[in-house]
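In: Structural data only, the sequence is not supplied:
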């Protein structure tokens, strides 16, 4: 099939027009476990994506609090460049609960040399919501990106982060893992809700990062779309 009717047709279209992916990652200390996973798996992720779309390019924006500089790796075909960039990133304190999501997404939209006819995908990975006053301009930015053949999706890390925290706290205090993980705190639920709103605005979706789902598979499903989840999951697990 052609024209996106089937998965081969969809991939064939991407091979002609291009696929540009930008990971926008919260680089604060609480996201260490995610950043470590991204660093360890970036080469595999790039290889997997390019097995399907050889001309696919990947870029990265790493952000923290407002007023702190963004780390930007432009879209590239070079896996070595991506690995070198991520290897140079050091976690920052992140003195605020709400990080500079607006500035990071703005950089992803405006500072990358997106191919005009390519499928353009931003994958947002973080553990805090945008500041309240940033929601309106962020929504406008994302909707404009969507109208330009772009998609913004998110990876929900809150369940995994909360479980890790509860386990580590219990082991430190009681020398044993808790029998039961407590409910998500309010700030975590707020973050989940914010990411869902942003994904809807961006025409994308949310994938949860949990102990039984690695980040590469989640990102690949977001990149190619939920419609092709079964095909992408099967391919990513090879």
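Out: Happy to help now that I have it. Remember, it's a predicted structure, so these values are computed and weren't measured experimentally.
In: what residues does the helix or strand encompassing residue 22 touch?
Out: Using DSSP states H and E, the element containing residue 22 is strand 19-26. Contact with strand 19-26 is made by 31, 34-35, 38, 49, 53, 55-64, 75, 94, 99, 104-105, 108, 112, 114-115, 118-128, 219, 223, as judged by C-beta atoms under 8 Å, 6 or more residues apart in numbering. Where you see a C-beta, it was placed from the backbone N, CA and C, and this is true even at glycine.
In: Could I have the buried ones of the residues you listed as PyMOL selection syntax?
Out: With 16 or more other C-beta atoms under 10 Å as the criterion, this PyMOL line picks the buried residues out of the contacts of strand 19-26:
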select buried, resi 31+34+35+38+49+53+56+57+58+59+60+61+62+63+64+75+94+99+104+105+108+112+114+115+118+119+120+121+122+123+124+125+126+127+128+219+223
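In: in this structure, which ranges drop under the pLDDT threshold?
Out: Residue ranges of the chain with pLDDT under 70: 1-4, 91-98, 159-169, 209-214.
In: what do you get if the cut-off is 50, keeping everything else the same?
Out: 1-4, 95 (pLDDT under 50).
In: On the C-terminal side of the helix ranked longest in it, identify the next helix or strand.
Out: In terms of residue count, the longest helix belonging to the chain (DSSP state H) is helix 32-52. Next along the chain after helix 32-52, taking DSSP H and E as the criterion, comes strand 57-63.
In: what sits against residue 72?
Out: Under the criterion of C-beta under 8 Å, 6+ apart, the neighbours of residue 72 are 59-62, 107, 111.
In: same thing but at 7 Å, please
Out: Contacts for residue 72 (C-beta atoms under 7 Å, 6 or more residues apart in numbering) come out as 61, 107, 111.
In: can you count the residues close to the second one?
Out: Applying other C-beta atoms under 10 Å, we find 19 other residues in the vicinity of residue 107.
In: Name the residues that touch whichever strand or helix holds it?
Out: Using DSSP H and E, residue 107 sits within helix 101-110. Residues outside helix 101-110 that contact it (C-beta under 7 Å, 6+ apart): 22, 24, 61, 63, 66, 70, 72, 122, 124, 126, 130, 134, 137-138, 141-142, 145.
In: Now do that helix against strand 19-26, angle only.
Out: Relative orientation of helix 101-110 and strand 19-26, computed by axes from the mean of the first three to the mean of the last three C-alpha atoms, to 10 degrees: 160 degrees.
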